[in-house]
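*Asks:* Sequence first, predicted coordinates after that:
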Amino acid sequence: SYIIQRTLELELEKNNIEYSHDKIRTALKNMEYIEFKTAKQHLIVRTKINKLGQKILKVLNIPLPKIITPYNEFKEKYKI
């Protein structure tokens, strides 16, 4: 996990994005998704992503997921 965090720190520095170790951990920890099934729908609902979390996704070239995404679309787009 240290290598991943350090790589992320270097990418943030390269893009002039201020961070702290705690803020990175908090931003990543708060990126949560909930799988929601009904008889007619299968959805992924994401929690709110803070500003640093949005910047982290952008630096890593990961598109910000919609708040509500059909499961199959999410699965295909994010290769889960």
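*Replies:* Yep, that arrived. Numbers count the residues shown, from 1 in each chain.
*Asks:* going forward, measure contacts between C-alpha atoms and count neighbours the same way
*Replies:* OK.
*Asks:* buried sites along the longest helix seen in the chain?
*Replies:* The longest helix of the chain (DSSP state H) is helix 2-14. Neighbour counts over helix 2-14 (16 or more other C-alpha atoms under 10 Å) mark 8, 9, 12 as buried.
*Asks:* now stretch 18-25
*Replies:* residue 24.
*Asks:* if you average pLDDT over that stretch, what comes out?
*Replies:* Here stretch 18-25 scores 92 as its mean pLDDT.
*Asks:* how's this structure carved up into domains?
*Replies:* Under the assignment the TED database, the domains of the chain span 1-31, 33-79.
*Asks:* How about stretch 27-38, which residues are buried there?
*Replies:* Neighbour counts over stretch 27-38 (16+ other C-alpha under 10 Å) mark 27, 28 as buried.
*Asks:* now it: how far from the chain's centre is it?
*Replies:* A distance of 10 Å separates the centroid of the chain from that of stretch 27-38, by C-alpha atoms, centre = their mean, to the nearest Å.
*Asks:* who's in contact with residue 58?
*Replies:* Shown in contact with residue 58 (C-alpha atoms under 8 Å, 6 or more residues apart in numbering): residue 64.
*Asks:* So which residues make contact with the lowest-mean-pLDDT helix or strand in the chain?
*Replies:* For the chain, the helix or strand with the lowest mean confidence is helix 71-78, at a mean of 91 (criterion: mean pLDDT, DSSP states H and E). Here helix 71-78 makes contact (C-alpha under 8 Å, 6+ apart) with 35, 42, 43, 44, 80.
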